[in-house]
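**Q** what follows is a predicted protein model with its sequence.
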Amino acid sequence: MLARVVDKESDWILNHCTKYLARDNTDERHSFFGLDAGLPRAKISECWRFPVVDADDSGEAGASEHNHVSFVYRGRDAVVRLLTPCLGLHAPADLRPVGDSNYLSLTLRVPKGRRYRYRFIVDGRAQLDPINPQVMDTAQNEPWSCFWTSSYNEPINLERSEMALIGRMTSALLPFQGRETRNLIERGLNDGNVAHFFRMDIHVGVANYIDNILAREERHHLHSYKLCLPMIDRVLRRRNPGVEPADLSDPIYKGLFDDMKNDTPELARDGWDHNAYGNPGYFLYILRRHTWTGAFSHPKYGGNPGGLGWAFLGETFRTSADPSLSAFNWARAIEPPLGNSGEYRG
Amino acid sequence: MADLRDEFDVVVIGSGAGGAPIAYELARAKRSVLVLEKGALLRTQDERGPGRLSDFKRDEMFNAGPERIITTPGMVNTGASFFTSHVEPDLNDEPHVFTNVDRPQDGSKITIEGYTAQVVGGGTQLYGAVSLRFAERDFKLKTANQGRQLKGDPGGDALKHVIDWPFDYDAIEPFYAKAEHLIGINGTVAGQIKKFSQDNYQTPLLPNPISEFARLGMQRLGLQTYRTPLAVITQKHEPSGRTAGDPKVGYVNRYGDPLGYKSNTWVSLLRPTIRDGHDLELRPNCVVTHLEASGRKISKVHYRDPSGNRRTVSGKLVIVACSAIESVRLLMLSAEEDPENFASLVRYRQDGCLLGRFFLTHAFGGAEVQIKGQRFDKSISLDSDYATDSCASEDFLDAHGLWAGGAIYNNTSDQCLPITMARTEGDTDLDFFWGGFIGAQDHTSEAALQWLNGAFGSRLSAAFMANQIPRFENRIELHPDVRDKWNRKCGHVIKNFHPHDEQVMNLFADVCRQIMVEGVPKYTELGSGSVYGNAVRIANHIMGGARFAPSRELGVLDPNCRVWDADNLYVTDGSFMPTSGGANPTLTIQANAFRVASHLLTI
């Protein structure tokens, strides 16, 4: 099997669920813009954290290629089993009491870059995980809860055409989608860190990152992307008939961004529907924030494959006292094999 | 948890700077001690075992992660974004409401300003580790200002509510020395204006080269400098059994340390006490909901266990150290649970009640420049390299008509990482992370590269931390409508600065600016200023609200931090402070907690 059950300390589970789950109040405080209205998860904090996908912190060989995925169920009176293909659909596994708390949990060791469906069998009845908002349908249109591990790089909520447009826009937003980045890649800066590259283009990584956070941490912005991307596509096609938006030049995108920033009449003229999304500048800001965080966050989030964004900064900016030295020696603080810290294990 | 012990000699609520020193001292004196902590216990990697990982990471997304939306209805920022660290509270679960006391017409907002970390170690996990002593004058500001005329005090009332601390610097000095020894701090004594009976500092590491401009600026202005005391070990630290390594990584301020070099109260005080076999029990993920009194004694501490189940425990002594806002709130919530007895102990809503009053933050601000033609690797740094006390001297204060002084130090690690750099563009407050980035819509493509080219590794700032005038009107209350996830009334921060604070802040900001002007050969000025006019800004320095005083008419606590009318209830976080001091408060909170512990050992 691709996954196996591992022991996880009860304290670790409690440290990762108490803040979010324990409460008396039943208001729907966590349904941003009504996203989860009427659902149990609207009443708990940061439901996207469940199941908890974290590092394989066992110290075992191959740990850096795996995640620990911890499933949590609130309530200890029921018999709860986990059914998932990564354990084998014939072999559901029991969730275990977490100390003498009211939680049950089970932790699996799962390879990185994977997505799996699962269900809880509660007292003999299969059900979705009431906490986790991630659901995928099988070919038979059966809904299952699902999770994915670090560096998963297939589209989750966005269409490939949407991913392509995001990728092109992030390319035009970021400072390094030009010659210098290609130079970095050609110089092979990322030896040993290519295991999870979807492609060697960072903007594709950033698009994957955005797709990921729109499925998890910032689900409340998925609707904005779904509304705005078609309008952007429409504007660009109207302005550049016969040319695919992904093939348009940076200056054209710069013009688009300026129009979005200033909310110009030309933007509406060319297809932006303010009734659908009234503030194109705000969408540009969201996109810029997501792009920046994706490109420069830890590579495990997917937008900075192999530390390429960091490497760009480190290669581009040198100390004035000694130009042979980087002004951003990021690797010395980061865990091997990505970085070269002799102390830190990340 | 059915078999948990429910009786202890001492119950400490909160594991940070105010609680841990007391737990440390009393457990080592053979008392049974329980520490209840709302947050998680996140261990260092070596503590978890060979080859294993810490749950603190060198990961910018841990510092201020994904966007969430404020959903509390009726606030001026309902629907706005907020970004918090992974160990800060979810503002929708545990809101703090802020109202400008002088401008209630502006409405109220939910704020993250003033929240400290919810994790074992509390605020000492995320702080920048600046561990300055207060100046000797800071303890006697009423006396020091007798007969003086202040500038910028149009109502003549700046000093109206100023009281001296019930002891002087000499009385707390041994406890400063003790804290510096036990916590593990590097820095230099030479150059400080404070008297030191012992030099317990570890040797500072080489400063980041960019800090030389700040040192030079201070020197050219005639300001005496010293290496900023930082709670980061640079050598083997015998008291806590820690070995030193390479802490200069840029992941210091606002990060928990996966390696335990940063001297938070877990690795420096609590962990070694437990390891040494003393009777100290820690219960993380347990939130105290209220205290119950029987007569003049706190008879029970009510808390929720990690599942949310109701639990109680009792202690012969009860120490409240949840950080100033939350401690005041806990006492108020307890008073509302028992409007007769407990309320009378803290005089809640009675004539002369001072609980919640004189809430304090700091007067702070600074100046920042972008150095032209020079670039440094700022990611190889701790939080601050050089500091000066010269703006706390009598001569300086007399020359400028100020009531109290402060410290100035340069920041080194600020904006050394790319996401933080974008998120804090424009020096926006914690509630407005990414706000400057929103405005900088032109930072795209080549323009973004030019922005980086000017800023990356080239920004230098000097910051000041000075006393804020205590105002009776500045206070913590329970908000009547907004409740937390336990359905308890949440804290309401009502405050603003006094006009004389503007005088202080303008002058200090100008000194910071002059440091940049004198020290940096060529620069682009990014700005100088202060938090005056933006009262919500707190820098997570929260003090006052339950000040101690020589008489019960003047304060909530007696000089040993005991609630005047209660026999066994002590409050030892920053809420005891009657004035906020001209420096970051953590070391003084720790020193005072050691002082209170020494008293508790005598009773």
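**A** Noted; the coordinates are in hand.
**Q** ok, now how distant is the spatially closest residue to B:Arg28 that is not a sequence neighbour from B:Val35?
**A** Leaving aside its chain neighbours, B:Arg28 sits nearest to B:His278 (5.5 Å; criterion: CB to CB, 6 or more residues apart in numbering or on different chains). Using the backbone N, CA and C atoms, a C-beta is placed for each residue, glycine as well. From B:His278 across to B:Val35, the span is 12 Å (CB to CB, to the nearest Å).
**Q** so the two - more neighbours on which side?
**A** Set B:His278 next to B:Val35 and count neighbours by other CB atoms under 10 Å in any protein chain shown: B:Val35 wins out with 30 against 19.
**Q** which pLDDT does the model give that one?
**A** Listed pLDDT for B:Val35 reads 98.
**Q** which ones are touching the nearest residue to B:Trp486 once chain neighbours are set aside?
**A** Spatial nearest neighbour of B:Trp486, chain neighbours left out: A:Asp24 (5.1 Å); criterion: CB to CB, 6+ apart. Applying CB atoms under 8 Å, 6 or more residues apart in numbering or on different chains to A:Asp24 gives the contacts B:308, B:485-487.
**Q** try 10 Å
**A** B:289, B:304, B:308, B:310, B:483-488 (CB atoms under 10 Å, 6 or more residues apart in numbering or on different chains).
**Q** which strand or helix spans it?
**A** When secondary structure is defined by DSSP states H and E, A:Asp24 falls outside every helix and strand.
**Q** any idea of the pLDDT on it?
**A** Reported pLDDT at A:Asp24 in the predicted model: 97.
**Q** low-confidence stretches in the stretch 201-346 of chain A?
**A** By pLDDT under 70, the low-scoring segments of the stretch 201-346 of chain A are A:201-204.
**Q** separation between the residue of it found nearest chain B and B:Asn63?
**A** Closest contact between the stretch 201-346 of chain A and chain B, by CB to the nearest CB, is at A:Glu217 (3.5 Å). According to CB to CB, A:Glu217 stands 14 Å off from B:Asn63.
**Q** looking at the two, which is more packed in?
**A** Per other CB under 10 Å, whichever of A:Glu217 and B:Asn63 has more neighbours is B:Asn63, with 24 against 18.
**Q** mind pulling up the pLDDT for the more buried one?
**A** Looking at B:Asn63, the pLDDT reads 88.
**Q** that older thread, turn the contacts of A:Asp24 into JSON lines, including pLDDT.
**A** Supplementary listing: the contacts of A:Asp24 in JSON lines, determined by pLDDT from 0 to 100:
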{"residue": "B:Thr289", "pLDDT": "98"}
{"residue": "B:Arg304", "pLDDT": "98"}
{"residue": "B:Gly308", "pLDDT": "97"}
{"residue": "B:Arg310", "pLDDT": "97"}
{"residue": "B:Arg483", "pLDDT": "98"}
{"residue": "B:Asp484", "pLDDT": "97"}
{"residue": "B:Lys485", "pLDDT": "97"}
{"residue": "B:Trp486", "pLDDT": "98"}
{"residue": "B:Asn487", "pLDDT": "97"}
{"residue": "B:Arg488", "pLDDT": "98"}
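**Q** just want the most central residue of the chain.
**A** Using chain A. Centroid-nearest residue in chain A, with CA atoms, centre = their mean: A:Asn212, separated by 2.8 Å.
**Q** oops, I was thinking of chain B
**A** Centre-nearest of chain B using CA atoms, centre = their mean is B:His541, 3.7 Å out.
**Q** for that one, which non-adjacent residue is spatially closest?
**A** B:His362 is the one closest to B:His541 (CB to CB, 6+ apart), at 4.8 Å.
**Q** now do that neighbour against chain A, distance only.
**A** For B:His362, the distance to chain A equals 28 Å [CB to the nearest CB, to the nearest Å].
**Q** now do the contacts for that residue.
**A** Going by CB under 10 Å, 6+ apart, B:His362 touches B:406, B:464-468, B:501, B:505, B:531, B:537-543, B:580-585.
**Q** PyMOL command to pick out the buried ones of these?
**A** Per 16 or more other CB atoms under 10 Å in any protein chain shown, the buried members of those correspond to this PyMOL selection:
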select buried, chain B and resi 406+464+465+466+467+468+501+505+531+537+538+539+540+541+542+543+580+581+582+583+584+585
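**Q** ok, A:Asn340 touching B:Asp246?
**A** No. Counting by CB atoms under 10 Å, A:Asn340 stays clear of B:Asp246, with 11.6 Å between them.
**Q** neighbour count winner among those two?
**A** Using other CB under 10 Å as the criterion, A:Asn340 and B:Asp246 rank with B:Asp246 on top: 16 against 13.
**Q** does that one sit in a helix, a strand or a coil?
**A** Assigned by DSSP: H, G, I helix; E, B strand; the rest coil, the conformation of B:Asp246 is coil.
**Q** quick one on the thing from earlier: name the SS class of the residue of the stretch 201-346 of chain A closest to chain B, please.
**A** Applying three-state DSSP: A:Glu217 is coil.
**Q** and the gap between the closest residue to it other than its chain neighbours and A:Leu284?
**A** Closest residue to A:Glu217 apart from its sequence neighbours, by CB to CB, 6+ apart: B:Pro66 at 3.5 Å. For B:Pro66, the distance to A:Leu284 equals 19 Å [CB to CB].
**Q** can you check A:Ser341 too?
**A** 36 Å.
**Q** what helix or strand does the residue in the stretch 51-200 of chain A that chain B sits nearest to sit in?
**A** Using CB to the nearest CB, the single residue of the stretch 51-200 of chain A nearest to chain B is A:Gly59, 2.5 Å away. Remark: A:Gly59 resides in no helix or strand, with elements defined by DSSP H and E.
**Q** let me know how buried it is, in neighbour terms.
**A** Counted with other CB under 10 Å, A:Gly59 comes out at 14.
**Q** now for it: which residues touch it?
**A** A:345, B:45, B:48-53.
**Q** show me how to select, in ChimeraX, the buried members of the residues you listed.
**A** Buried subset of the contacts of A:Gly59, written as a ChimeraX selection, criterion 16+ other CB under 10 Å:
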select /A:345 /B:45,48,52,53
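**Q** residues in contact with B:Glu37?
**A** B:12-16, B:19-20, B:118-122, B:266, B:270, B:282-288, B:322.
**Q** quick one, phi psi at it?
**A** phi -130, psi 130 (degrees, to the nearest 10).
**Q** how about the one 3 residues further on?
**A** When quoted as degrees, to the nearest 10, the phi and psi of B:Ala40 stand at phi -80, psi 160.
**Q** for it, give the beta-bridge partners.
**A** B:Ala40 has these beta-bridge partners by DSSP bridges: B:Val119.
**Q** that one: neighbouring residues, count only.
**A** B:Ala40 has 23 nearby residues by other CB under 10 Å.
**Q** that one and B:Gly122 touch, don't they?
**A** No. Using CB under 10 Å, B:Ala40 is not in contact with B:Gly122; the gap is 11.8 Å.
**Q** what's the burial count for the closest residue to A:Arg234 other than its chain neighbours?
**A** Sequence neighbours aside, A:Gly271 is the residue nearest to A:Arg234 in space, at 3.7 Å (criterion: CB to CB, 6+ apart). A:Gly271 has 16 neighbouring residues, counting by other CB under 10 Å.
**Q** can you check the one 3 residues further on too?
**A** When counting by other CB under 10 Å, one arrives at 12 neighbours for A:His274.
**Q** just checking, it touches A:Gly281?
**A** No. With contact defined as CB under 10 Å, A:His274 does not reach A:Gly281; the gap is 11.7 Å.
**Q** identify the contacts common to those two.
**A** Residues touching both A:His274 and A:Gly281 (CB under 10 Å, 6+ apart): A:263, A:267.
**Q** so which helix or strand takes in residue 222?
**A** Going with chain A. helix A:222-239.
**Q** just checking, next helix/strand downstream of that helix?
**A** Sequence order places helix A:250-262 as the next helix or strand after helix A:222-239, per DSSP H and E.
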